[in-house]
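In: Model the structure of this input:
(2 chains)
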Amino acid sequence: QVELQESGPGLVKPSETLSLTCSVSGGSFSNYYWSWIRQSAGKGLEWIGRLYSSGSINYNPSLRTRVTMSIDTSKTQFSLELTSVTAADTATYYCARGVVVPPTIYFDSWGQGVLVTVSS
Amino acid sequence: IQLTQSPSSLSASVGDRVTITCRASRAISNYLAWYQQRPGKAPRLLIYTASTLQSGVPSRFSGSGSGTEFTLTISGLQPEDSATYYCQHLNSYFPGFGPGTKVDI
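Out: Okay, the predicted model is just below:
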């Protein structure tokens, strides 16, 4: 049974960089697309991006200029960096496992989520 | 692709049959999934490709539809089904979610 666990600061100052890591245990790490998804009261569920173990990455166009995702297959972890944050980036951030059957993706396992608040 | 859900909320009783509708702004074949989110928890996959039940999900959940209109049906509502339900279109390069339907028991 795969388990995902997010980690990172719960408070980030405006204009700074939000950094989160997702640790994956159990199951295969190589055959899935790993994603970040966030949920705020104002915008509901929003997909941030996905990456594959090979390094293939796709981002949400609305966040592309501020997002960087990376993966460490040796540690079965993947990470998110979101730069120049504002209060609008306050949300619960989830990491999720994406099952890709071209041209589709759905998310069959999720972390518990981490609330990140942007405030000075 | 924009997704809308109706109703935005509903109240039903244990044992009722409940139907939630998700509409897409353009045809998406059967590329739709449904998730359940209980308060304070992460979303849980219920159905993918419109009608395929995820392993471990009770059979009282079912999905149907194609093109632009999809439905999630709960047959025989249980107390633990109190949650918000989201649809998701399965575009692998830019997936998106509906606004959710809150189900109160």
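
In: Between the two ends of stretch A:15-29, how far is it?
Out: Terminal residues of stretch A:15-29 lie 33 Å apart, using Cα to Cα, to the nearest Å.

In: can you tell if it touches chain B?
Out: No - Stretch A:15-29 lies out of reach of chain B by Cβ under 8 Å from any Cβ of the partner chain, never closer than 12.2 Å. Every residue, glycine included, has its C-beta placed from N, CA and C.

In: Just the mean pLDDT for that stretch, thanks.
Out: What stretch A:15-29 shows for mean pLDDT is 94.

In: Report the buried residues of it.
Out: With burial defined by 16 or more other Cβ atoms under 10 Å in any protein chain shown, the residues of stretch A:15-29 counted as buried are A:18-24, A:29.

In: now the residues you listed as CSV including distance to B:F61 and secondary structure?
Out: Formatted as CSV, the buried residues of stretch A:15-29 follow (distance: Cβ to Cβ, whole Å; DSSP: H, G, I helix; E, B strand; the rest coil):
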residue, distance to B:F61, secondary structure
A:L18, 35, strand
A:S19, 37, strand
A:L20, 31, strand
A:T21, 33, strand
A:C22, 27, strand
A:S23, 30, strand
A:V24, 27, strand
A:F29, 29, coil
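
In: ok, so of the residues you listed, who is nearest chain B?
Out: A:C22 (12.2 Å; Cβ to the nearest Cβ).

In: For the residue nearest to that closest one when sequence neighbours are not counted, which three-state class applies?
Out: Spatially, and ignoring its direct neighbours in sequence, A:C22 is nearest to A:C95 (3.3 Å; Cβ to Cβ, 6 or more residues apart in numbering or on different chains). Under DSSP: H, G, I helix; E, B strand; the rest coil, A:C95 falls in the strand class.

In: okay, A:C95: pLDDT?
Out: 98.

In: what about it, how many residues close to it?
Out: Residues lying near A:C95 (other Cβ atoms under 10 Å in any protein chain shown) number 30.

In: show me the contacts for the nearest residue to A:Y33 once chain neighbours are set aside.
Out: Nearest residue to A:Y33, sequence neighbours excluded (Cβ to Cβ, 6+ apart): A:G98, at 3.8 Å. Neighbour list for A:G98: A:32-35, A:50, A:105-107 [criterion: Cβ atoms under 8 Å, 6 or more residues apart in numbering or on different chains].

In: Columns neighbour count on top of the residues you listed, output as a markdown table?
Out: A markdown table is the format used below for those (neighbours: other Cβ atoms under 10 Å in any protein chain shown):
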| residue | neighbour count |
| --- | --- |
| A:Y32 | 22 |
| A:Y33 | 20 |
| A:W34 | 23 |
| A:S35 | 24 |
| A:R50 | 27 |
| A:I105 | 27 |
| A:Y106 | 26 |
| A:F107 | 28 |
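
In: can you name the two of these that are farthest apart?
Out: Across the contacts of A:G98, the longest distance by Cβ to Cβ is 13.5 Å; it joins A:W34 and A:Y106.

In: how close does the residue nearest to A:Y33 get to A:Q112?
Out: Separation of A:G98 from A:Q112 (Cβ to Cβ, to the nearest Å): 17 Å.

In: ditto for B:D16
Out: Applying Cβ to Cβ to B:D16 and A:Q112 gives a distance of 30 Å.

In: now A:R38
Out: In terms of Cβ to Cβ, A:R38 sits 14 Å off from A:Q112.

In: And the two? Which one has more around it.
Out: A:R38 (25 against 14).

In: Please give me every residue in contact with the more buried one.
Out: A:45-46, A:48, A:91-94.

In: Cool, thanks, signing off.
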